[in-house]
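>>> Everything below, folded, please.
(one chain, ligands or ions: 1)
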Amino acid sequence: MSTSAVPWWRDAVIYQVYIRSFADGNGDGVGDIAGIRSRLPYLKWLGVDAVWINPWYRSPMADHGYDVADYREIDPLFGTLEEAERLIEEAHAHGIRVIPDIVPNHTSDRHAWFRAALAAGPGSPERERYVFRQGRGPDGAEPPNDWVSCFGGPAWTRLPDGEWYLHLFAPEQPDLNWQHPEVRAEFESILRFWFARGVDGFRIDVAHGLIKHPELPDLPPPLEEKGPRRHLDHPHWDRDEVHDIYRSWRRVADEFPGDRSFVAEAWADTPERLAAYVRADGLHTAFNFDFLMSSWDAKDLRAVIDDSLSMLGAVGAPATWVLSNHDVVRHPSRYGRKTARRWTVNEPYRAEGPLDLELGTLRARAAALLMLALPGGAYVYQGEELGLPEVEDLPESVLQDPVWERSGHADRGRDGCRVPIPWSGSSPPYGFSPDGARGEPWLPQPAAWAGRGMAEQRGDEHSMLELYRAALRLRREHPALGDGDLTWLDAPAGVLVFGREPGFVCAVNLSAEGYRLPAHTSLLLASGPVEDGVLAPDHAAWLAV
Ligand code: GLC
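As a prediction, the model looks like this:
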């Protein structure tokens, strides 16, 4: 871990480990801590600075760990607390930082607090830690308001005793009441528990959802589709009071030696609203979902980059760029489609229209060079470095995401980006599970992944893996990359060209014509062959100037 003057989190490349699907150490078909430990040398070889690990806490797994029953225990499916401690130590020995996920918006319905709330009944202090209300209408048979669950259906469930409780996600994920001092104190204590065990920070799940309007009013009418983006005063998303919570979390982080840092999963209406999360006395960074949601279009991307850099720059925070994660369609499958429809938080992208995966992969290669050349930090979602596409043909019988059931089978959910990743070999489990494993991978892996794992891509200079590795190495070595500024250079429509000091230029051709690269002393890296100084459509290049 470097000791340079720039704090590590300002320009770290953070690798997202979706623990169920990364590597299975004990052969039960589900990824685990033992699996992560065994793959640390790979992550070091790849050249990432940190890992973000999706929730590993004790959980009934109604939402694959985002329903936490005990925040101080590891789920037995993934291992033990002792193994987690060893993983943190070993990762540090490899120069890799560790960032677990923390889930503060809701607990599991099996959490001791929720069980106590159910047992204690209406009007009890135990219920005040959650959001319990009487219903509307005769006999209170209607939900207290019209809020909807992000997974489909109403955000309220009624109990046999007549009260309703709020869950912005599945009914197994009751929302906590963040106006309650015990809720605040408990989470600060959980943060200290893990900071004391050496974690370097946290990814904060649904960071924009914790505070609800005290009167729980109905939803406002939606904004018109057209017209500039603006902030909508919403009864449960992105309320101003949420920042108080993060100011105290920052103080907790600052109690510990070393640079501990937070990254918010916050979906905000505008870049200004996002920037409000990342202040000197607030969180360190926030995911920049505008970049991920942008279509493969030079104008759109440039606008997103400019807005993000200027809003975050104004508060002194670095940008973080992300192309894929465990909640969205993998980007080679997004970029391989014509649909340029802009998607929103409430209407996630769903694959539509025919897929040209070759084109999507070409663009994914170029997008990687764009993302890794931008000022700030970046996230790489496991398997992205292999160029994995979304698995779109999982049989309905294997789908597990609660979205599938909750949407009445209208939405297949997020399993297609969560399939266990291939490490080696020509048949499942492709090295994901050890030889002679007793369990099959928890989601079936496609036949098309034969020969496309780490082992096969390693050493093949044309592979996605070697492109990522070369880019990460250059990024570490080149003084212009990482934290800092960029300057846009003149370029024809559809081409993005920017310079970074000293002596670096990144060019991305999103147009349909070849683009003659500007004068340069050498071609550092390109996403594909560059002939006679011409960058082909859907290609990117890094130049020394
Ligand atoms: C976040 C997570 C997602 C989870 C949800 C509820 O959006 O990224 O996977 O389902 O929160 O915790």
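>>> Tell me where the model's unsure across the stretch 201-350 of the chain.
Counting by pLDDT under 70, the stretch 201-350 of the chain shows low-confidence ranges at 224-227, 339-349.
>>> Residue of the stretch 301-450 of the chain closest to the ligand, please.
Nearest to the ligand, among the residues of the stretch 301-450 of the chain, is Asp327, at 4.8 Å (CB to the nearest ligand atom). In short, each C-beta sits where N, CA and C put it, glycine included.
>>> Count residues in the vicinity of the nearest residue in space to that residue that is not next to it in sequence, would you?
Nearest non-adjacent residue to Asp327, counting by CB to CB, 6 or more residues apart in numbering: Arg414, 5.5 Å away. Residues contacting Arg414 under the criterion other CB atoms under 10 Å number 21.
>>> unless I'm mixing things up, Arg414 is touching Asp401, no?
Yes - when contacts are counted by CB atoms under 8 Å, Arg414 is listed as touching Asp401 (4.9 Å).
>>> centroid residue for this protein?
Among the residues of the chain, the one closest to the centroid is Asn325, at 4.4 Å (CA atoms, centre = their mean).
>>> Verify the contact between it and Gly383 for me.
No - shown here, Asn325 and Gly383 do not form a contact pair, counting by CB under 8 Å, at 11.1 Å.
>>> Tell me the residues of this structure that contact the ligand?
Neighbours of the ligand within the chain, by CB under 6 Å from any ligand atom: Asp63, Tyr66, Val103, Phe169, Asp205, Val206, Glu265, His326, Asp327.
>>> still on that earlier bit, spell out the secondary structure type for the residue nearest to the centre of the chain.
Using DSSP: H, G, I helix; E, B strand; the rest coil, the secondary structure recorded for Asn325 is coil.
>>> just use 59 as the starting number from now, easier for me
Done: numbering now begins at 59, and the last item shifts to Asn383.
>>> Counting neighbours, which of the residues of the chain next to the ligand comes out on top?
Using other CB under 10 Å as the contact criterion, the top neighbour count among the residues of the chain next to the ligand goes to Val161, which has 28 neighbours.
>>> Touching, that residue and Asp263? I think so.
Yes - because the distance of 4.4 Å satisfies CB under 8 Å, Val161 is recorded as touching Asp263.
>>> neighbours around Ala599, how many?
As a burial measure, Ala599 scores 24 neighbours (other CB under 10 Å).
>>> Dig out what it forms beta bridges with.
With DSSP bridges as the criterion, Ala599 is bridged to Ala565, Ala584.
>>> Make sure it is actually in contact with Leu575.
Yes - under the criterion of CB under 8 Å, Ala599 lies in contact with Leu575, with a separation of 6.3 Å.
>>> any residues in contact with both of those two?
Shared between the contact lists of Ala599 and Leu575 (criterion: CB atoms under 8 Å, 6 or more residues apart in numbering) are residues Ala565, Leu581, Val588, Leu593.
>>> Need the pLDDT of the first one.
Model confidence at Ala565, expressed as pLDDT, equals 98.
>>> Could you check how many residues crowd around it?
The burial metric for Ala565, expressed as a neighbour count using other CB under 10 Å, is 28.
>>> need the contact list for Pro183.
If you count contacts by CB under 8 Å, 6+ apart, Pro183 has none.
>>> Correction: the previous question concerned Ala174.
Contacts here follow CB under 8 Å, 6+ apart; on that basis Ala174 touches Glu184.
>>> Kindly report the same for Pro212.
For Pro212, the set of contacting residues under the criterion of CB under 8 Å, 6+ apart consists of Pro201, Asp204, Trp205, Val206.
>>> Can you flag the buried ones in those residues?
By neighbour count, with 16 or more other CB atoms under 10 Å, these hold Pro201, Trp205 as buried.
>>> Present the contacts of Pro212 as CSV; the columns should include secondary structure and pLDDT.
Below are the contacts of Pro212 laid out as CSV (DSSP: H, G, I helix; E, B strand; the rest coil; pLDDT from 0 to 100):
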residue, secondary structure, pLDDT
Pro201, coil, 98
Asp204, coil, 97
Trp205, coil, 97
Val206, strand, 95
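>>> Mind putting the contacts of Pro212 into a markdown table with distance to Met369?
Rendered in a markdown table, the data for the contacts of Pro212 read as follows (distance: CB to CB, whole Å):
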| residue | distance to Met369 |
| --- | --- |
| Pro201 | 36 |
| Asp204 | 32 |
| Trp205 | 29 |
| Val206 | 29 |
